[in-house]
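Trainee: 3D model of this:
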Amino acid sequence: MRRISSLLSLAGIAALVAVSSAFVPPTKGAARAPATVPGPRIAALPSGDAVTEEAVNIDWRVLAGLDYSNGKATDTLKKLDGKLVRIPGFVVPLDDFQEEGAEFLLVPYYGACVHTPPPPPNQIVMVEMTGKKAIKLNLFDAVWMSGRLKINSVESPYGTVGYQLEGLKVEPYSAK
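Mentor: Have a look, this model is predicted:
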């Protein structure tokens with residue numbers, strides 16, 4: 001019985017080692033998963049011409065690549081300046097109790113900028129919908145926001161914003 005208990009303990013320790021070694025963070029210089037992923041094709045109207053362009057899915061870790069104290073951006077972020085991107089997030093109206101609007105903020109988590117100190121500028125995107133098209137502004141639902149990204153600092157009622165986005169499309173969020 002003692003032998004079986006010892007074997008089971010060794011098997012348990014081996015399983016823990018195997019599982020924990022699978023979650024070791026990459027070392028410096030190690031290959032990483034790409035920070036950007038091709039997204040859906042979106043019809044963009046940059047100069048009146050209908051153009052179908054591949055949107056790049058980005059996340060807030062990519063946007064955190066902007067050092068808002070000096071304006072320097074990572075190479076990945078610089079390559080996205082002026083490009084069609086798709087960002088998940090939550091909408092924050094610029095006016096309290098606003099239910100629809102063509103200008104609003106996009107933030108990474110629910111409740112940011114509302115009754116709390118705002119996130120840093122590299123975690124806030126000022127969105128202006130193309131053609132001033134008003135959309136429903138629901139604070140509680142996560143969305144995918146698609147449009148042209150500009151690395152540009154602007155002031156909003158909630159503080160300094162690190163990015164502007166020419167909004168083309170808003171969709172309910174799904175993990176796909």
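Trainee: From here on, just use CA atoms for contacts and neighbour counts.
Mentor: Noted.
Trainee: contacting residues for residue 94?
Mentor: 103, 104, 105, 156, 157, 158 (Cα atoms under 8 Å, 6 or more residues apart in numbering).
Trainee: In a markdown table: those residues, plus distance to residue 172, pLDDT and secondary structure.
Mentor: Converted to a markdown table, those look like this (distance: Cα to Cα, whole Å; pLDDT from 0 to 100; DSSP: H, G, I helix; E, B strand; the rest coil):
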| residue | distance to residue 172 | pLDDT | secondary structure |
| --- | --- | --- | --- |
| 103 | 18 | 94 | strand |
| 104 | 16 | 93 | strand |
| 105 | 16 | 92 | strand |
| 156 | 25 | 80 | strand |
| 157 | 25 | 77 | coil |
| 158 | 24 | 75 | coil |
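Trainee: how about the residues you listed in JSON lines, adding distance to residue 125 and neighbour count?
Mentor: As requested, the contacts of residue 94 are exported to JSON lines (distance: Cα to Cα, whole Å; neighbours: other Cα atoms under 10 Å):
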{"residue": "103", "distance to residue 125": "11", "neighbour count": "24"}
{"residue": "104", "distance to residue 125": "8", "neighbour count": "21"}
{"residue": "105", "distance to residue 125": "6", "neighbour count": "23"}
{"residue": "156", "distance to residue 125": "10", "neighbour count": "13"}
{"residue": "157", "distance to residue 125": "13", "neighbour count": "10"}
{"residue": "158", "distance to residue 125": "11", "neighbour count": "17"}
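Trainee: Pick out whichever of those residues sits closest to residue 133.
Mentor: residue 103 (9.0 Å; Cα to Cα).
Trainee: The closest one and residue 81: what is the separation?
Mentor: 20 Å (Cα to Cα, to the nearest Å).
Trainee: By mean pLDDT, point me to the weakest helix or strand of the protein.
Mentor: helix 2-22 (a mean of 36; mean pLDDT, DSSP states H and E).
Trainee: so where is this structure shaky, pLDDT-wise?
Mentor: For the chain, the stretches with pLDDT under 70 are 1-52, 114-115, 176.
Trainee: where do the helices sit along it?
Mentor: For the chain, the helices defined by DSSP state H cover 2-22, 60-63, 75-80.
Trainee: and the shortest one, which residues are buried?
Mentor: By neighbour count, and taking 16 or more other Cα atoms under 10 Å as the criterion, the buried residues in helix 60-63 are 60, 62, 63.
Trainee: Who are the contact partners of residue 73?
Mentor: 65, 66, 67.
Trainee: again but with residue 121, I slipped
Mentor: 68, 153, 159, 160, 161, 162, 163.
Trainee: Would you show me how to pick out the buried ones of the contacts of residue 73 in PyMOL?
Mentor: Of the contacts of residue 73, the buried ones can be selected in PyMOL as follows, counting by 16+ other Cα under 10 Å:
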select buried, resi 65+66
